[in-house]
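S.K.: Here's a sequence, model it:
(one chain, ligands or ions: 2)
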Amino acid sequence: MKLLSIESSCDETAAAVIEDGRKIISSIVATQVEEHKLYGGVVPEIASRRHCEAINGVVSEALTQAETDLSGIDGIAVTFAPGLIGALLVGVNFAKGLSLASGLPLIPVHHLRSHIASNYLAHQDLKPPFLCLVVSGGHSHIVEVLDYTTMKIIGKTRDDAAGEAFDKAARSMGMSYPGGIQLDKVAESGDPTAFKFPHPKVDGSPYDFSFSGLKTAVINQIHNASQKGITLPVNDLSASFRKAVVDCLMDNFIKAAENLGYKKLVLAGGVSANSLLRKRVAEECTNRGWEYYYPPLELCGDNAAMVGSQGYYEFLAGHTASTDLNARATMSIDF
Ligand code: KG4
Ligand code: ZN
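M.R.: Ligands and ions are numbered 1, 2, ... in the order given. Below you'll find the predicted structure:
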């Protein structure tokens, strides 16, 4: 079964053709990041306009590279939630139009579920159940993936998402949006023990996260030093901050796996590109004899291939929509 899939939840306009949820036939991503960099973050209105301009060409290119047209497609999967509402609406309306014109089934896909599915494209042997750490720019969850379309959140952030914390810390060190990836690179040459950062815990919720105090701590360090005319070494700051965030994520993730009896751990979302997080999950799981998986770097960020993968499993579960489908800015992964 071949699906055409569409993603427009934030600042990437993407389309793909995916076979049976596991094989990428084509995948096109048009990013707007250079334009949003000028403003230090995603400007929702600009994002919507750029999606409108790009979507036709991106979808056509995905079909062309797959050497097909809609007659060779069996369904249309689209990200409908969560995300920037104006941005989501572009993809949802485009998909609805295609579905109406072609008579193909319309399959709504949750953005975070698709991040998890990016792993199915790279690891043909990976099947639920497993425990997943979903870490993106807007969310940080520990999720029990019970089957392809049944999820249970057991931990989440009380304030900032991990990606957001990385981006804000990076910004305070003068790096441009989205700074998480740059901070990760700079951290490689730094000393992770140079600065002490808090490892916040959430009372009574052992698997929840809190990153806003950590972010404030790094901003305060920089501010206090600059008032004394001192410039702090950015590589040491980055390495210490990265270690603190990854410690918090991994502590809860491993604790949850031990307590719930999972021996198969999976990373998903933009922050799963973080080199220390990948290293740590590999170490912790290898030491315990557990299986671990994370997406290849090209599938960590937003793309439509992952939407086509999750869309296949949503379709098998009977989750299709009619043309009254609407986009939703917020929606829990365990709907
Ligand atoms: O999943 P994603 O592409 O978009 C959302 O759904 O939010 O995640 C983007 C986030 C950004 O905050 C970005 O800075 C972060 O992922 N990110 C990283 C790295 N690469 C991307 N954070 C830390 N280390 C990285 N290597
Ligand atoms: Zn995302």
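S.K.: Look up phi and psi at the residue nearest to residue 44 when sequence neighbours are not counted.
M.R.: Once flanking residues are discounted, residue 44 sits nearest to residue 84: 4.7 Å by Cβ to Cβ, 6 or more residues apart in numbering. All C-beta atoms are positioned from the backbone trio N, CA, C, and that covers glycine. The phi/psi pair for residue 84 (degrees, to the nearest 10) reads phi -70, psi 130.
S.K.: Going forward, count from 786.
M.R.: Done: numbering now begins at 786, and the last item shifts to residue 869.
S.K.: so residue 869 makes contact with residue 827?
M.R.: Yes: counting by Cβ atoms under 8 Å, residue 869 touches residue 827, with 7.1 Å between them.
S.K.: Who has more neighbours out of the two?
M.R.: A count of neighbours by other Cβ atoms under 10 Å puts residue 869 above the other of residue 869 and residue 827, at 22 against 19.
S.K.: How about the contacts made by that one?
M.R.: The neighbours of residue 869, taking Cβ atoms under 8 Å, 6 or more residues apart in numbering as the test, are 794, 795, 827, 829, 832, 833, 1114.
S.K.: List buried members of those by neighbour count.
M.R.: Neighbour-count burial (16 or more other Cβ atoms under 10 Å) applied to these gives 794, 795, 827, 829, 832, 833.
S.K.: so of those, which ones are in helices?
M.R.: Among these, the ones falling in helices (DSSP state H) are 829, 832, 833.
S.K.: Burial check on the closest residue to ligand 2 within the stretch 786-935 of the chain, number of neighbours?
M.R.: In the stretch 786-935 of the chain, the residue that lies nearest ligand 2 is residue 921 (4.5 Å; Cβ to the ion). By the measure other Cβ under 10 Å, the count of residues near residue 921 is 23.
S.K.: Pull the contacting residues for the nearest residue to it once chain neighbours are set aside.
M.R.: Counting by Cβ to Cβ, 6+ apart, residue 921 lies nearest to residue 1054, which is 3.6 Å off, once chain neighbours are set aside. Residue 1054 makes contact with 897, 900, 919, 920, 921, 924, 948, 1085, according to Cβ under 8 Å, 6+ apart.
S.K.: can you list the residues that contact the helix or strand containing residue 880?
M.R.: Assigned by DSSP states H and E, residue 880 falls within helix 870-887. Contact with helix 870-887 is made by 789, 791-796, 798, 829-830, 832-833, 836-837, 840-841, 844, 855, 858, 861-866, 889-891, 893, 1108, 1110-1114, as judged by Cβ under 8 Å, 6+ apart.
S.K.: repeat that with 6 Å
M.R.: The contact list for helix 870-887 (Cβ atoms under 6 Å, 6 or more residues apart in numbering) reads 791, 793-794, 829, 832-833, 836-837, 840, 855, 861, 863-865, 891, 1108, 1112, 1114.
S.K.: what's whatever helix or strand comes next after that helix packed up against?
M.R.: The helix or strand immediately downstream of helix 870-887 is strand 891-895, counting by DSSP H and E. Other helices and strands packing on strand 891-895, by 3 or more Cβ pairs under 6 Å, 6 or more residues apart in numbering; DSSP states H and E, are strand 860-866, helix 1090-1101.
S.K.: got the residues of the stretch 836-985 of the chain near ligand 1?
M.R.: Within the stretch 836-985 of the chain, the positions near ligand 1 by Cβ under 6 Å from any ligand atom are 900, 921, 922, 923, 948, 951, 952, 963, 965, 966, 969.
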